[in-house]
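1. my questions are about this predicted structure, shown below with the sequence.
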Amino acid sequence: MLQYLTIPVTPFQQNCSLVWCDQTLDAAVIDPGGDLELVLAEVDRLGLKLGQIWLTHAHIDHAGGTAELSKRLGLPIIGPHEGDQYWIDGLPMQSVKFGFPPAGHFTPTRWLHDLDRLQLGRSEVTVRHCPGHTPGHVVFHSAEAQRAFVGDVLFAGSIGRTDFPGGNHEQLIASITQRLWPMGDDTIFIPGHGPESSFGRERRMNPYVRGT
Ligand SMILES: [Zn+2]
Ligand SMILES: [Zn+2]
């Protein structure tokens with residue numbers, strides 16, 4: 001079964017998550033935006049074998065620590081979708097603009113596409129391409145654990161911003177209703193910021209997508 005631990009990082013309190021197979025302890029880190037020492041301390045404490053970096057999208061608070069972590073531990077960078085290439089190219093500029101430590105450039109080892117599958121020990125997650133917040137945004141879904149790591153697509157009570165270059169509100173709503181809701185009302189999602197919720201709860205309560 002897939003296990004996870006969420007660690008808020010960076011001044012934006014971005015929910016970086018460690019995910020692992022509880023049988024083999026093979027682990028991936030989702031969105032290492034920064035504060036790598038915090039994240040690596042948890043890897044050690046839990047005795048995980050950290051082997052992959054998974055990215056939902058290439059905003060600085062999600063991807064800012066990627067180049068350094070990949071280089072330090074020799075980890076492959078999986079994702080996001082190639083629609084985020086220009087956000088990756090812009091990481092050094094994003095780090096200056098938002099007062100982050102300098103973010104190095106990187107080239108993903110593997111771009112992700114809708115319905116790709118990723119293996120973690122004996123667990124498997126499915127990738128869904130969910131554009132709207134950024135063009136190359138992806139989410140990671142474990143049907144077995146009924147969990148989805150959705151980055152900045154959906155939050156408890158809110159949805160992702162679409163006022164950045166390449167953002168698209170209609171596309172974001174379509175991503176939520178056509179690619180997240182089918183995962184089921186009981187699925188718990190881990191958003192990029194703030195507390196967890198379930199898709200069912202958001203369908204009832206979230207003013208941006210209520211009743212969809
Ligand atoms: Zn974002
Ligand atoms: Zn974010």
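-> Looks like it came in fine. Ligands and ions are numbered 1, 2, ... in the order given.

2. from now on I want contacts and neighbour counts done on CA atoms only, so please keep to that.
-> Fine.

3. flag the helix or strand of the chain with the lowest per-element mean pLDDT.
-> Sorting the helices and strands of the chain by mean pLDDT, DSSP states H and E puts helix 91-97 at the bottom, at a mean of 92.

4. am I right that residue 83 sits in a helix?
-> Yes: applying DSSP: H, G, I helix; E, B strand; the rest coil, one finds residue 83 inside a helix.

5. gap between stretch 95-104 and the chain center?
-> Centroid displacement of stretch 95-104 relative to its chain, using Cα atoms, centre = their mean, to the nearest Å, is 19 Å.

6. for it, which positions count as buried?
-> With burial defined by 16 or more other Cα atoms under 10 Å, the residues of stretch 95-104 counted as buried are 95, 100, 103-104.

7. next, the distance between the ends of stretch 107-118.
-> Stretch 107-118 has an end-to-end distance of 19 Å (Cα to Cα, to the nearest Å).

8. and what of stretch 183-198?
-> Distance between the two ends of stretch 183-198: 10 Å, counting by Cα to Cα.

9. if we can go back for a sec, now the element after the least confident helix or strand of the chain, going C-ward?
-> Later in the chain than helix 91-97, the nearest helix or strand by DSSP states H and E is strand 117-120.

10. the residue nearest in space to the middle of the chain and residue 15, how far apart?
-> In the chain, the residue lying closest to the centroid (Cα atoms, centre = their mean) is residue 56, at 3.5 Å. Distance check for residue 56 against residue 15: by Cα to Cα, it reads 11 Å.

11. identify the contacts common to these two.
-> Shared contacts of residue 56 and residue 15 (Cα atoms under 8 Å, 6 or more residues apart in numbering): residue 31.
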